[in-house]
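**Q** Could you look at this predicted model? Sequence included:
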Amino acid sequence: MKIFDVYPRWPIEPVYARGCKIYDKEGNEYLDFYGGHAVISIGHSHPGYIAKMTRQLEKIGFYSNSVLIPLQNEYAEKLGKASGYPDYSLFMVNSGAEANENALKLASFYNKRKKVVAFRSSFHGRTSAAVGVTDCAIYRAPVNENLEVVFLPLNDIDAVRETLKKNDVSSVIIEGIQGIGGIIVPDSEFLKELRKICDETDTILILDEIQSGYGRTGLFFAHQEAEIRPDIITIAKGMGNGFPVSGILISPRFTAVAGQLGSTFGGNYLACAAAIAVLDAMEEENLIENAAQVGGYLICELKKIPAIKEVRGRGLMIGLELEQPIREARDQLLFQEKVFTGATGIHVFRLLPPLCLSKELANEFLKRLNRVL
Ligand SMILES: Cc1ncc(COP(=O)(O)O)c(C=O)c1O
């Protein structure tokens with residue numbers, strides 16, 4: 001059997017990784033400024049993470065949600081404290097798309113409405129409702145076309161007000177910072193007004209923090225910059241440092257209804273162990289503060305490079321827009337300078353390194369980037 005060939009791949013085979021570095025089969029060492037698509041939060045093969053996962057696997061690896069799994073409660077309590085949402089509830093699933101799918105569903109169960117508002121350049125995943133609110137027609141198959149969705153320009157509060165005024169929109173879904181759209185930061189004033197209008201119209205506000213959350217921007221969640229509290233927050237990526245786990249944080253306004261949501265794998269022992277190990281390492285090593293500090297430094301230094309047209313983002317979620325296509329520079333960075341980076345469209349680099357990035361490695365990256373620009 002062959003692998004269904006949907007991914008363009010680099011001809012590189014990583015066999016070992018530690019912290020912010022990856023090593024390939026030929027023994028080359030790479031700087032990881034992509035984090036496997038913003039997934040590696042506490043660093044590759046973190047010792048505490050390995051120990052916790054190994055110990056858990058030796059005890060019990062899986063059972064379904066038909067039994068007591070106290071690790072779920074332990075994780076939820078830690079997450080509530082770390083994120084500033086101790087009064088919210090947690091529902092665990094397995095991927096970002098699935099988290100958004102359940103968030104949209106829960107909102108619709110709650111207010112019995114169907115219509116959803118999303119924003120231009122959004123990305124929320126590839127399952128049915130998640131791809132329905134993703135602003136990219138080529139990801140949608142005819143079976144995904146049933147969702148009633150309105151795409152509005154980001155930061156256009158008048159358009160939001162006009163669209164929500166009939167009180168018939170179930171939810172508004174928005175990324176904390178648009179990732180795949182090119183590291184586009186929503187204005188804090190916009191988010192504050194959006195919160196207000198959602199309250200006035202009984203519309204559920206869903207914050208997709210799958211890429212921008214979990215400390216990446218120097219706060220636990222990117223939306224906390226605007227000091228708003230969404231009704232539902234979705235998380236994935238950095239949550240498991242590579243173990244597939246995701247979740248939705250649910251405000252106290254929702255009542256759990258038995259059977260309404262569910263998942264076979266969601267919240268299994270290994271997922272909980274991974275998620276707990278990540279939060280422990282984030283706390284012990286002050287990784288959110290580190291993301292703020294090293295990210296702030298990096299953004300400041302990147303802004304001094306004349307070849308870069310615009311630097312966007314916060315903390316360690318950084319977009320670099322060039323006047324010319326980035327392809328050649330990105331290839332040179334990877335193959336000559338041995339640095340992994342992300343990209344969006346043809347003009348934007350996306351930097352999403354692990355949150356444990358040191359200033360020394362940030363400087364090393366700047367040196368290598370300067371050589372190719
Ligand atoms: C903001 C955002 N939401 C949702 C997703 C989908 O996550 P997954 O690929 O785990 O389904 C992504 C993935 O890149 C994302 O960046």
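**A** Right, received. Where do you want to start?

**Q** residue of the protein with the smallest distance to the ligand?
**A** Gly96 (2.2 Å; C-beta to the nearest ligand atom). The C-beta positions use only the backbone N, C-alpha and C, and glycine is treated the same way.

**Q** Read off the pLDDT value for that residue.
**A** pLDDT for Gly96: 98.

**Q** Would you tell me whether stretch 170-183 gets close to the ligand?
**A** Yes. Under the criterion of C-beta under 6 Å from any ligand atom, the ligand is reached by stretch 170-183 at Glu175, Gly179, Ile180.

**Q** For the first one, which residues are in contact?
**A** Pointing back at Glu175 there. The contact partners of Glu175, by C-beta atoms under 8 Å, 6 or more residues apart in numbering, come to Phe119, Ser122, Phe123, His124, Gly181, Pro186, Leu207, Asp208, Glu209, Ile210, Gln211, Ser212.

**Q** Could I get the full set of strands for the stretch 151-300 of the chain?
**A** All strands of the stretch 151-300 of the chain, identified by DSSP state E, counting those that start in this stretch, fall at 169-175, 204-208, 232-235, 246-250.

**Q** got those as a markdown table, with mean pLDDT columns?
**A** Output for the strands of the stretch 151-300 of the chain, formatted as a markdown table (pLDDT from 0 to 100):
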| stretch | mean pLDDT |
| --- | --- |
| strand 169-175 | 98 |
| strand 204-208 | 99 |
| strand 232-235 | 99 |
| strand 246-250 | 98 |
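
**Q** Out of the ones you listed, which gets nearest to Cys272?
**A** Nearest to Cys272 among these is strand 246-250; the distance by C-beta to C-beta comes to 10.4 Å.

**Q** For that closest one, which strands pair with it and how are they oriented?
**A** Strand 246-250 pairs in its sheet with strand 89-93 (antiparallel), strand 232-235 (antiparallel), by DSSP bridges.

**Q** Please tell me I have it right and Pro39 contacts Phe243.
**A** I think there's a mix-up here, since residue 39 is Val and not Pro. No. Using C-beta atoms under 8 Å, Val39 makes no contact with Phe243, being 9.4 Å away.

**Q** what about the nearest residue to Ser89 once chain neighbours are set aside, neighbour count?
**A** Residue nearest to Ser89 in three dimensions, not counting chain neighbours: Ile250, with 4.7 Å by C-beta to C-beta, 6 or more residues apart in numbering. By other C-beta atoms under 10 Å, 22 other residues sit near Ile250.

**Q** Mind listing the residues bridging to Ile250?
**A** Beta-bridge partners, per DSSP bridges, of Ile250: Ser89, Ile232.

**Q** That one reaches Ile232, doesn't it?
**A** Yes. Applying C-beta under 8 Å, one finds Ile250 in contact with Ile232, separated by 5.8 Å.

**Q** overlap in contacts of the two?
**A** Contacts common to Ile250 and Ile232, judged by C-beta under 8 Å, 6+ apart, are Leu106.

**Q** before we move on, the earlier item: of all the strands paired with strand 246-250, which lies closest to Asn28?
**A** Across the strands paired with strand 246-250, closest to Asn28 is strand 232-235 (C-beta to C-beta), at 33.1 Å.

**Q** Packed most tightly, which of the strands paired with strand 246-250 would that be?
**A** Mean neighbour count (mean count of other C-beta atoms under 10 Å) peaks for strand 232-235 among the strands paired with strand 246-250, with a mean of 28.

**Q** for the ligand, what are the nearby residues on the protein?
**A** 37, 95-97, 100, 123-125, 175, 179-180, 208, 210-211, 236.

**Q** Neighbour-wise, which one of those residues leads?
**A** Greatest neighbour count in these, by other C-beta under 10 Å, goes to Asp208: 33 neighbours.

**Q** Centre-most residue in this structure?
**A** The residue lying closest to the centre of the chain (C-alpha atoms, centre = their mean) is Gln211, at 1.5 Å.

**Q** how about that one, what does it touch?
**A** Contact analysis of Gln211 by C-beta under 8 Å, 6+ apart lists Ala38, Gly96, Glu175, Gly176, Ile177, Gly179, Ile180, Lys237, Met317, Leu352.
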